[in-house]
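Engineer: Kindly generate the corresponding structure for this input.
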Amino acid sequence: MRLSNLADYAVVTMAAAAQHCGGGRVSASELAAETGLPGPTVQKVVSKLTAASLLRSVRGAGGGLQLARPAAAITLADIVEAIEGPIALTACVDSNAHECGLEQNCAVRPHWPIVNQALRGALADIPLTRLAQTTPHQELV
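Structural biologist: Reported below is the predicted structural model:
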């Protein structure tokens, strides 16, 4: 599994926004400059993150972007889902998707929800505060 470029850019953008947590607001152009991402890409990501209530946009003098909730309350799963939609490794987990010819006789299908829950749980265990650290905290597993 691999994140789309847009989801990756959303994580980078949110980590940069978290660096301004507790301070003033930041503009999308400032986030673009800080991250090295193209301005239009940051605008697109910011739009999706705002729609998902992860960022808040304030207009007017002193306006800009800020986290919609504390960085510790935003997870990697939240950010990925804001861009990609629900986290799922296979389409058959979606009850409305009928893209697989093996669906009727698939012995593995009942197990995919468990796998998807484990993946989402792993991403949900990583808070934005950790992603915003300038030095990654390494844990031994």
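Engineer: going forward, measure contacts and count neighbours with C-alpha atoms only.
Structural biologist: Fine.
Engineer: mind listing what the spatially most central residue of the chain touches?
Structural biologist: By C-alpha atoms, centre = their mean, the chain has its centre lying nearest to residue 79, at 1.5 Å. Each residue near residue 79 by C-alpha atoms under 8 Å, 6 or more residues apart in numbering is listed here: 7, 10-11, 14, 49, 54.
Engineer: do residue 64 as well
Structural biologist: Residue 64 touches 25-28, 57-58, counting by C-alpha under 8 Å, 6+ apart.
Engineer: now residue 67
Structural biologist: Taking C-alpha under 8 Å, 6+ apart, one finds 17-18, 21, 54-56 in contact with residue 67.
Engineer: What pLDDT does the model give it?
Structural biologist: pLDDT recorded at residue 67 is 94.
Engineer: thinking again about what came up before, most neighbours out of the contacts of residue 79, which is it?
Structural biologist: Within those, most neighbours by other C-alpha atoms under 10 Å means residue 14, with 26 neighbours.
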